[in-house]
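Peer 1: okay, predicted coordinates and the sequence, questions at the end:
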Amino acid sequence: LSTRIQNEQQRLRELEEALRNSERLAVAGQFSAAIMHEINNPLEAISHLAYLAKEEADNATKVREYIDLLEAELANVIRIAKQTLGFYGPADALRPVNLAEVAESAILVHGRRISTKRLNIVKRLVEQATVKIHPGEMLQVLSNLIANAMDALPDQGTLSIRLRKTKDKVHLLVVDDGHGIPPPLMGKVFDPFFTTKKDQGTGLGLALSKAIVERHQGKLCARSSVGKGRSGTAFRITLPLHEAA
Ligand SMILES: Nc1ncnc2c1ncn2[C@@H]1O[C@H](COP(=O)(O)OP(=O)(O)OP(=O)(O)O)[C@@H](O)[C@H]1O
Ligand SMILES: [Mg+2]
């Protein structure tokens, strides 16, 4: 009997070990999915900006502007790669940035899809709203929110980007009048891997965006309606206002 118990115990240990290994693999798989998600956006932006630069080859000022943005997106890819390899932590590169400029860049990098869908862009941005952020990460968040809005919008739909300031906070809203999120799904949209886009989406965009905003002492929240004739979704980023020295 004691040999049988010993055998059983051995088998249990082996099972535990196998389970631990598969958990490790699952975490590694999730991690690489997250990295691919974050790298895909800047790569698309880079290809879009290269296309724009070629289109406007005769206009040196425009070309320089596109190349500057392209470099910023490339820096983003490099940052993600370095971060992945553990070269430096995300907290390092926080610096005072005007969020209005980040919003403008995010709109610009989605230019191609905005014009293909003939979307109506409404911008209401205060001129200056300084926040202490990692600009690349915040560009990524905005880019994720705009990509989601575009997925939900019909052709010729409206996408509004609003930037407001209060005494000590900055609010950035990304609002669409698309199909909206049904109430039973509202509690799930920030869950990693929750997607309604089948194999078109990873379901990581909002989970990663929320994590990034919270790392900046901010909040990311959503409101949505699926009511006929008044459907739409608003995501709001709230960040502490950085007092200019
Ligand atoms: N603006 C929006 N309007 C309607 N539904 C939305 C909106 N934003 C998010 N959602 C819902 O939340 C889900 C999760 O969004 P999330 O960005 O995390 O992943 P995804 O967009 O599905 O995948 P990926 O980000 O990889 O493209 C979406 O699949 C969609 O159902
Ligand atoms: Mg998304």
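Peer 2: Great, that's in hand. Ligands and ions are numbered 1, 2, ... in the order given.

Peer 1: alpha carbons only for contacts and neighbour counts from here, please
Peer 2: Will do.

Peer 1: would you map the helices across this protein?
Peer 2: Taking DSSP state H as the criterion, the chain carries its helices at 2-55, 60-84, 99-109, 111-116, 135-152, 183-186, 205-215.

Peer 1: where does pLDDT dip in the chain?
Peer 2: Within the chain, the stretches with pLDDT under 70 are 20, 22-31, 34, 83-92, 244-245.

Peer 1: change it to 50
Peer 2: Applying pLDDT under 50 to the chain picks out residues 87-89, 245.

Peer 1: would you point out which residue of it is nearest ligand 2?
Peer 2: Distances between the chain and ligand 2 by CA to the ion are smallest at Gly205, namely 4.2 Å.

Peer 1: for that residue, give me its contacts.
Peer 2: Taking CA atoms under 8 Å, 6 or more residues apart in numbering, we find Gly205 in contact with His37, Val141, Asn144, Leu145.

Peer 1: I figured the first one hits Thr202, correct?
Peer 2: Okay, so that is His37. Yes. Counting by CA atoms under 8 Å, His37 touches Thr202, with 7.4 Å between them.

Peer 1: for stretch 6-14, the distance to its chain's centre please.
Peer 2: The gap between where stretch 6-14 is centred and where its chain is centred comes out at 46 Å by CA atoms, centre = their mean, to the nearest Å.

Peer 1: same check, this time on stretch 164-177
Peer 2: For stretch 164-177, the distance to the chain centre is 17 Å (CA atoms, centre = their mean).

Peer 1: how about stretch 96-104?
Peer 2: 15 Å.

Peer 1: could you do stretch 152-161 as well?
Peer 2: For stretch 152-161, the distance to the chain centre is 18 Å (CA atoms, centre = their mean).

Peer 1: ok, now stretch 149-162?
Peer 2: Distance, centroid of stretch 149-162 to centroid of chain: 16 Å (CA atoms, centre = their mean).

Peer 1: what of stretch 189-199?
Peer 2: Per CA atoms, centre = their mean, the centroid offset for stretch 189-199 relative to its chain is 13 Å.

Peer 1: could we number from 378 for the rest of this?
Peer 2: Yep, numbering from 378; the last one is stretch 566-576 now.

Peer 1: show residues contacting that stretch.
Peer 2: Contacts of stretch 566-576 (CA under 8 Å, 6+ apart): Lys565, Gly578, Thr579, Gly580, Leu581, Leu583, Ala584, Leu585, Lys587.

Peer 1: quick one: the third one and Glu415 touch, right?
Peer 2: No. Assessed by CA under 8 Å, Thr579 is found out of contact with Glu415, at 10.8 Å.
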